[in-house]
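[1] Provide a 3D model corresponding to the input given below.
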Amino acid sequence: MRACKCCLLSLFLAGFAAQALDGTVTTTEAKPIENAYIGLLDANFAPITSGSTDAAGKFSVAGAGGKYLVIQPAPTAGDGGVQVHPYQPRLYVLGENEQSLALKLSPADSVILEAYDLEG
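    I've put the predicted structure just below:
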């Protein structure tokens, strides 16, 4: 009887487990984008969880209640040591109960500026 109670409790709690959002990030030419930052945000733009893409451009982030997904490709070094995103970072609005995405990023030269206050 005790084993049945534990089994039922496990099944009940599994219903509350965070759903995973899976997907791939590729270029418009279908080449995978590796090491892109993936951030899941709630409706107030507060971070829920984050991850990154693997060598095949695949990602999986767990978290319920996500409203927005931020995709930011890893920067590369441009002229003079300035960092550049070779593909356009994006913010996606997620649909209700969305669980799998195939995202394509357009080529771009987005310059990364770093600013510091007087304390560094």
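[2] tell me where the protein has strands.
    Here the chain has its strands, by DSSP state E, at 20-27, 37-41, 47-52, 58-62, 68-72, 76-77, 83-87, 90-93, 100-105, 107-111.
[3] could you dump those into JSON lines with mean pLDDT added?
    Formatted as JSON lines, the strands of the chain follow (pLDDT from 0 to 100):
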{"stretch": "strand 20-27", "mean pLDDT": "93"}
{"stretch": "strand 37-41", "mean pLDDT": "95"}
{"stretch": "strand 47-52", "mean pLDDT": "94"}
{"stretch": "strand 58-62", "mean pLDDT": "93"}
{"stretch": "strand 68-72", "mean pLDDT": "92"}
{"stretch": "strand 76-77", "mean pLDDT": "81"}
{"stretch": "strand 83-87", "mean pLDDT": "83"}
{"stretch": "strand 90-93", "mean pLDDT": "91"}
{"stretch": "strand 100-105", "mean pLDDT": "92"}
{"stretch": "strand 107-111", "mean pLDDT": "76"}
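[4] is the residue at minimal distance from the centre of the chain bridged to anything, and to what?
    Of all residues in the chain, the one closest to the mean position by C-alpha atoms, centre = their mean is residue 38, 1.9 Å from it. For residue 38, the beta-bridge partners are residue 51, residue 71 (DSSP bridges).
[5] my guess is it contacts residue 48. True?
    No. Assessed by C-beta atoms under 8 Å, residue 38 is found out of contact with residue 48, at 11.3 Å. Placement of C-beta: from N, CA and C, glycine included.
[6] show me what contacts the residue nearest to the centre of the chain?
    By C-beta atoms under 8 Å, 6 or more residues apart in numbering, residue 38 lies in contact with 25, 50, 51, 52, 53, 59, 61, 69, 70, 71.
[7] how about a cut-off of 6 Å?
    Contacts for residue 38 (C-beta atoms under 6 Å, 6 or more residues apart in numbering) come out as 51, 59, 61.
[8] same question, residue 89
    Contact analysis of residue 89 by C-beta under 6 Å, 6+ apart lists residue 72.
[9] so how far is residue 59 from it?
    Distance of residue 89 to residue 59, computed by C-beta to C-beta, to the nearest Å: 15 Å.
[10] the residue lying closest to residue 90 once chain neighbours are set aside: how many residues sit nearby?
    Computed as C-beta to C-beta, 6 or more residues apart in numbering, the closest residue to residue 90 that is not its neighbour in sequence is residue 71, at 4.7 Å. A total of 22 residues lie near residue 71 under the criterion other C-beta atoms under 10 Å.
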